[in-house]
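Colleague: prediction below, plus the sequence it came from.
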Amino acid sequence: MHTTSCQNRTEGFSLVEVLIALLVLSIGLLGLAALQTTGLRFTQQSYQRTQAVILTYDMFDRIRTNPEGKLLGKYDTVLDGTIPSVALNKCTAGTCTPSEMADWDVANWNTTITQLLSQGTGAISTNPATAIRTITIKWVENDIPMTQKMEAQL
């Protein structure tokens, strides 16, 4: 008769055990959702910072490939977000002067910055004594102003 009383005590889960298991599962799922959201935010930040670095090197390369435009001083000072007006059809066809190519480079570069980075602008400054050019790209990331600066002697 003792075996019958033992079977009555182990009949199954109680409602409290099911509710606790559901609570633990829901906390785990909320944590997973928060982790996914954080991962997406960091991925976007990484993308924007990578684009800023690529765009900085892009302008250094443009300056190097147009030495005549550099000697004319066309890359010496570019204010934040400056987009000079240029005859795009001449430069894409390869028939523009070095000065027009420099203007096209700056216009294309700053246009690309505004397209890829939130509130993005680009600027160039040059120290005439050392010929060191500083390229600065600014953008807004999660309501925080960000700045990427690189210097090179060109």
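Modeller: That came in fine, so what should we check first?

Colleague: and residue 45, which helix or strand is it part of?
Modeller: helix 15-65 (DSSP states H and E).

Colleague: in the very next helix or strand once past that helix, which residues are buried?
Modeller: Tracing the chain past helix 15-65, the next element assigned as helix or strand by DSSP H and E is helix 67-71. Neighbour-count burial for helix 67-71, counted by 16 or more other CB atoms under 10 Å, picks out 69, 70. Using the backbone N, CA and C atoms, a C-beta is placed for each residue, glycine as well.

Colleague: name the SS class of residue 96, please.
Modeller: Judged by DSSP: H, G, I helix; E, B strand; the rest coil, the three-state class of residue 96 is coil.

Colleague: and it, what are its phi and psi?
Modeller: Per-residue torsions, residue 96: phi -90, psi 160 (degrees, to the nearest 10).

Colleague: that one against residue 105, yeah?
Modeller: No - Residue 96 is not in contact with residue 105 according to CB atoms under 8 Å; the separation is 10.4 Å.
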